[in-house]
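**Student:** Can you look at this prediction? I've put the sequence above it.
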Amino acid sequence: RVRSSAASDVYKRQGYALLLTGSRGGLLALVVGLLVFLRSRFGTAMTAVLAAVVLPAILLLAGGRQTSISTTEDTGQARIQLWSDGLLLFRESPLFGIGHDQYVQRAGQVAHNSYLHCFTELGFLGGMLFLGAFYLAFRGLWRLGRVRAAIVDPELRHLQAFITGILASYMTGMLSLTLPYVLPTY
């Protein structure tokens, strides 16, 4: 009982910290990670029921900047411009890219999208390797969830849904962050 109380306090602090950031990408990563976790743990039907209850609550709690999405105001327009610059740079050297750390030099900022950043700097080949690493990791975890009997250790079997949700959340977060060359990504 003490353990669950301590865990509950940690979750409350983490949720509050996410609200304080005002990050739309963070909220999106939370929602995707939660949905993937629920689907992996409870199946499609139960996920639909739980999502119908939990998602509106999350959106009501978040409110403000996190749920306000605009392509003409705030950071939305700046990101669209950075992504446009990245796509133009990708066209210059589509196969091998413009080179490591060249996005900032050429566009003035990072892409705020790790996948686009990698495709631009590393080209189609490097970008596909980056994307493929995530795909293979997610696919392997997802397939393990379908045949839970393949995981012999009951504790590891229990953790499979959590790890799949965490990976889905991280992959979604990479859509609004530029972290392709940092250790946690690998």
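**Tutor:** Nice, thanks for sending it over. Numbers count the residues shown, from 1 in each chain.
**Student:** now the helices: where do they sit in this protein?
**Tutor:** 2-21, 24-42, 44-62, 64-67, 74-92, 102-107, 114-146, 154-173 (DSSP state H).
**Student:** Looking at those helices, which one is packed in the most?
**Tutor:** Among the helices of the chain, helix 24-42 has the highest mean neighbour count (mean count of other C-beta atoms under 10 Å), at a mean of 19. No exception for glycine: its C-beta is placed from N, CA and C like everyone else's.
**Student:** Which strands or helices does it pack on?
**Tutor:** The contact analysis (3 or more C-beta pairs under 8 Å, 6 or more residues apart in numbering; DSSP states H and E) places helix 24-42 against helix 2-21, helix 44-62, helix 64-67, helix 154-173.
**Student:** got the angle between it and helix 154-173?
**Tutor:** Counting by axes from the mean of the first three to the mean of the last three C-alpha atoms, to 10 degrees, helix 24-42 points 150 degrees away from the direction of helix 154-173.
**Student:** next one: helix 24-42 to chain centre, how far?
**Tutor:** 9 Å (C-alpha atoms, centre = their mean, to the nearest Å).
**Student:** Report the inter-axis angle for it versus helix 44-62.
**Tutor:** Taking the same axes, to 10 degrees, one finds helix 24-42 and helix 44-62 inclined to each other by 150 degrees.
**Student:** how big is the angle separating helix 24-42 from helix 114-146?
**Tutor:** Using the same axes, to 10 degrees, helix 24-42 lies at 10 degrees relative to helix 114-146.
**Student:** ok so, going back, between the helices and strands packed on helix 24-42, which one is nearest to residue 102?
**Tutor:** helix 154-173 (23.5 Å; C-beta to C-beta).
**Student:** Residues contacting that closest one, please?
**Tutor:** Contact with helix 154-173 is made by 25-26, 28-30, 32-38, 40-41, 134, 137-138, 141-142, 144-145, 148, 151, as judged by C-beta atoms under 8 Å, 6 or more residues apart in numbering.
**Student:** now with 10 Å?
**Tutor:** Residues outside helix 154-173 that contact it (C-beta atoms under 10 Å, 6 or more residues apart in numbering) are 23, 25-26, 28-42, 114-115, 131, 134-135, 137-138, 140-142, 144-145, 148-151, 153, 177, 179, 184-185.
**Student:** what mean pLDDT does it have?
**Tutor:** Averaging pLDDT along helix 154-173 yields 92.
**Student:** Okay then, goodbye and thanks.
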